[in-house]
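Chemist: need a structure here:
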Amino acid sequence: ADSWGDGWNGYAADILVNGEVVVEGATLTDGASGTAEFTAAAGDIIELSWTSGSFASEVSWTMNDGGGTEIASGNTTTTNAGEANCPDCLPPTEITVSDITTEGANISWTAADDISAWEYQVVLSGEDPAETGDQTTLNPINLTGYNSNTAYDVYVRSDCGGTYSTWVVVTFTTNPACGDIITDTGGTDGNYGNNELITLTVFPEITGDVVSFDFLSFDVTAFSFGGDYLTVYNGPDTSSEVIGTYSGTNLPDTAISTHSSGALTFTFESDGFTTGAGYEILASCAPPPSCYQPTGLNISNIGGSVADFGWDVISGNESWEYIVVPTGETIPSDGYSTTAVNSTTLTDLEFLTTYDVYVRAYCGEEDGYSEWSGPVTFTTTQQTDYTIDCSLGQPVNIDYCYTNNETTYWVFTSDNGFPLEITFNSGNI
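Modeler: Next up, the predicted model:
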């Protein structure tokens, strides 16, 4: 294994059985884990011979016998792996999960030679299994009747006529259903992990209904050179139209399916660096709205008194109403601006002020208005161009904090041509 997830960075191990090399240069070229297999008889002496690389503290390994029981473990300084052990009853191998639904999944495995009976049991992920399980001669087995959006551990072992192998285990999570809150792998209290790639699809339970995703919390690390991302697709898979790709801490807009299946899909991908608190998404199902609310709200070209506001057009939208309010204020009952195009320039804003902006669609007399989308929150910029009224005889006081990679030009103009004086009262650069 490699704790950083980028391979062993040059470290490799020859595996020797009774002094003879049986695996040459076992290593991880990339990723967090891997396996190497070899054959040894009971009592054989197993050793490791290491080739040096970089980042030794990331490297670890374990060695299991044919029954899955650990016989040794260590790091790049460990060369003695102990004696080989051969169990009397070999466990299944290559246990896999397929056809996951909201209620279960299919479990299959590769049986050991001459084995045609097994025991299995299903427990909530992380719980200890019982000493015995249910008997079966089926492979694969179909599991059903379980809770949606729930992680389970499935244990399987070989039945060698009253003698049993060790348990092998595989974990799967049932698909989320309508009404479930979907969280990242860290749950509600922890961070998601590095190098994750997760794809989930939610289908409506009633034909004709559509799925919506409401983001209850969102904290996905973003960097200018990469980062972690969540992408929502309008349909049953990742070949469907992209609704949006999101990172950072701003809550994404509610996503509502317009696909014929009524389904929504999302993928989440994290890199090998910093993680975040992740996401909580409420998956809901309902008849499609008569008027779909706008999506893809965005703010650009923010100035001191203006900003550009845009959104995506949804089928059925004829026009839109929008409103800008100081951040934190509720949407008023009137005073909305109307536009026939899906973008506008917000004007008459105050310098260095934070605003919330909302928009809703109008879909004609029969279908009426959509729900409001938003808010999108933004802050106008500092005023940097001043015309000084010299007749007032009063100074203009400015407080300013700069940021990284910033170039700001300040212009002060006298209204009557009288010379101006600039005094720096305090500061630190």
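Chemist: which regions of the stretch 251-400 of the chain lie under the pLDDT threshold?
Modeler: Counting by pLDDT under 70, the stretch 251-400 of the chain shows no low-confidence range.
Chemist: so which residues of it form strands?
Modeler: Assigned by DSSP state E, counting those that start in this stretch, the stretch 251-400 of the chain shows strands spanning 255-256, 264-269, 278-286, 295-300, 307-312, 319-326, 337-339, 343-346, 354-362, 373-379, 385-388.
Chemist: next, the contact list for residue 217, please.
Modeler: The contact partners of residue 217, by CB atoms under 8 Å, 6 or more residues apart in numbering, come to 251, 277, 278, 279, 280. Bear in mind the C-beta positions are built from the backbone N, C-alpha and C, glycine included.
Chemist: can we see that at 10 Å?
Modeler: 183, 184, 188, 249, 251, 277, 278, 279, 280, 281 (CB atoms under 10 Å, 6 or more residues apart in numbering).
Chemist: run a quick neighbour tally on the fifth one.
Modeler: What that stands for is residue 251. Using other CB atoms under 10 Å, residue 251 is surrounded by 15 other residues.
Chemist: over to the first one?
Modeler: Other residues lying near residue 183 total 20 when counted by other CB under 10 Å.
Chemist: could I get the phi/psi values of it?
Modeler: Phi and psi for residue 183, reported as degrees, to the nearest 10, are phi -120, psi 160.
Chemist: which residues does it bridge with?
Modeler: Residue 183 has these beta-bridge partners by DSSP bridges: residue 280.
Chemist: in the sheet, who's paired with the most centrally placed residue in the chain?
Modeler: Note on the chain: the residue nearest the mean C-alpha position is residue 268, at 3.5 Å, using CA atoms, centre = their mean. Residues in a beta bridge with residue 268, per DSSP bridges, are residue 198, residue 230.
Chemist: from what I can see it touches residue 221, true?
Modeler: No. The criterion here is CB atoms under 10 Å, and residue 268 misses it with residue 221 at 11.7 Å.
Chemist: overlap in contacts, these two.
Modeler: With CB under 10 Å, 6+ apart as the test, residue 268 and residue 221 both reach 192, 228, 229, 278.
Chemist: touching, the first one and residue 279? I think so.
Modeler: Yes. With contact taken as CB under 10 Å, residue 192 and residue 279 are classed as touching, separated by 8.3 Å.
Chemist: what sits in contact with each of those two?
Modeler: Joint contacts of residue 192 and residue 279 (CB under 10 Å, 6+ apart) are 183, 184, 186, 219, 220, 268.
Chemist: gap between the closest residue to the second one other than its chain neighbours and residue 126?
Modeler: Across the structure, with CB to CB, 6 or more residues apart in numbering as the measure, the residue nearest residue 184 apart from its sequence neighbours is residue 278 (3.0 Å). Computed with CB to CB, to the nearest Å, the distance linking residue 278 and residue 126 is 19 Å.
Chemist: the two: who's more crowded?
Modeler: Each of residue 278 and residue 126 has its neighbours counted (other CB under 10 Å); residue 278 has more, 26 against 9.
Chemist: that one: what's it in contact with?
Modeler: So residue 278 contacts 183-188, 190-193, 196, 217-221, 228, 230, 268, 270 (CB under 10 Å, 6+ apart).
Chemist: could you tell me the end-to-end distance of stretch 76-94?
Modeler: Start-to-end span of stretch 76-94 (CA to CA, to the nearest Å) is 28 Å.
Chemist: can you give me how far it is from the chain middle?
Modeler: Distance, stretch centre to chain centre, for stretch 76-94: 36 Å (CA atoms, centre = their mean, to the nearest Å).
Chemist: likewise for stretch 169-179?
Modeler: Centre to centre, stretch against its chain (CA atoms, centre = their mean), the figure for stretch 169-179 is 16 Å.
Chemist: what average pLDDT does that stretch get?
Modeler: Taken as a whole, stretch 169-179 carries a mean pLDDT of 95.
Chemist: next, the buried residues of that stretch.
Modeler: 169, 170, 172, 173, 174, 175, 176, 177, 178 (16 or more other CB atoms under 10 Å).
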